[in-house]
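**Student:** The sequence isn't on hand, but the structure is:
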């Protein structure tokens, strides 16, 4: 029986890999897609890194920072748009995973007058797929990162962005939006992806927000994530009613923070994705 299952699994992996080479387009290096409603009506490729050519405005609202973290399941569910409209209210920063940057999403962004940076991990049917940061304020800078899934060979993505914070601190907030490697027999590739991201933050002195879909579905993965976050002196957001998406009894989505004051956090049940969104409210320390 085990041998039969192994054969079936190998065949499915082969077919998924064959389909990936036919349907999916993977860039040679990580790419950022940018949409700024004031300058463009369609997303454009902006290289691997983004640099704000103007003085960046503070991302927080008079010392408050409200954040939405959500794996939006490629906007495959019919009610994703009204749900995103509702959840994005009064948020200064929206971190999406599995965003599909096609016409419906960028039309929604234009209607809401929101800017977006997305990592183009791959494209399928002319839609760019990857993690996305959405806000009214553009970051000071941002860079795209990708890591190939060892078995299916399609990249997972992460976006590291730096946002200006308001006075009197006038510090810089580092934000990591991650969709971690999922399909691997061990944790080596998973560890390498997280290490690459934590290394980029090693010299950052200010606050940090590290959030997304970690695909932390095993004890070994959870332990590794906690070790990586501890190396950055991060704390994890906890929930009174924890309704996060789970697999094998492990939550997949996490929010870690440093140098911010946690006010409130909740997980919302929804039919608009296979993951429930996380809402978190922070304040800047005085």
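**Tutor:** Good, I have the coordinates. None of these values were measured; they are calculated from a predicted model.

**Student:** Could you give the backbone dihedrals for the residue most central in space within the chain?
**Tutor:** For the chain, the residue sitting closest to the mean C-alpha position, by Cα atoms, centre = their mean, is residue 177 at 3.4 Å. Dihedral pair for residue 177: phi -110, psi 110, per degrees, to the nearest 10.

**Student:** Just to check, it is in contact with residue 131?
**Tutor:** Yes. Counting by Cβ atoms under 8 Å, residue 177 does reach residue 131; the two are 4.6 Å apart. The C-beta positions use only the backbone N, C-alpha and C, and glycine is treated the same way.

**Student:** which residues do those two both contact?
**Tutor:** Jointly contacting residue 177 and residue 131 under the rule Cβ atoms under 8 Å, 6 or more residues apart in numbering are 95, 96, 97, 158, 159, 212.

**Student:** Quickly run through the sheet partners of the helix or strand where the fourth one lies, with directions.
**Tutor:** To tie it back to what came earlier, the one meant is residue 158. Assessed by DSSP states H and E, residue 158 sits inside strand 155-164. Paired neighbours of strand 155-164 in the sheet (DSSP bridges): strand 141-148 (antiparallel), strand 172-179 (antiparallel).

**Student:** Quick check: buried residues in that strand?
**Tutor:** Within strand 155-164, the residues that count as buried by 16 or more other Cβ atoms under 10 Å are 155, 156, 157, 158, 159, 160, 161, 162, 163, 164.

**Student:** Same question for stretch 233-247.
**Tutor:** Buried, per 16+ other Cβ under 10 Å, within stretch 233-247: 234, 237, 244, 245.

**Student:** Got the confidence number for the first one?
**Tutor:** As predicted, residue 234 sits at a pLDDT of 98.

**Student:** Residue 175 versus the closest residue in space to it that isn't next to it in sequence, what's the distance?
**Tutor:** Computed as Cβ to Cβ, 6 or more residues apart in numbering, the closest residue to residue 234 that is not its neighbour in sequence is residue 256, at 4.1 Å. Distance, residue 256 to residue 175, using Cβ to Cβ, to the nearest Å: 11 Å.

**Student:** Overlap in contacts, those two.
**Tutor:** Jointly contacting residue 256 and residue 175 under the rule Cβ under 8 Å, 6+ apart are 208, 209, 210, 211.

**Student:** What average pLDDT does the helix or strand hosting the last one get?
**Tutor:** Residue 211 belongs to strand 208-213 when assigned by DSSP H and E. Summarised as a single mean, pLDDT over strand 208-213 is 98.

**Student:** So what are the sheet partners of it and their directions?
**Tutor:** strand 172-179 (parallel), strand 253-258 (antiparallel).

**Student:** Indicate which one of those strands is closest to residue 86.
**Tutor:** Residue 86 lies closest to strand 253-258 among the strands paired with strand 208-213, at 18.5 Å (Cβ to Cβ).

**Student:** downstream neighbour of the closest one in the secondary structure list?
**Tutor:** Following strand 253-258 in sequence order, the next helix or strand is strand 261-267 (DSSP H and E).

**Student:** tell me how far that next one is from the chain's mean position?
**Tutor:** 18 Å (Cα atoms, centre = their mean, to the nearest Å).
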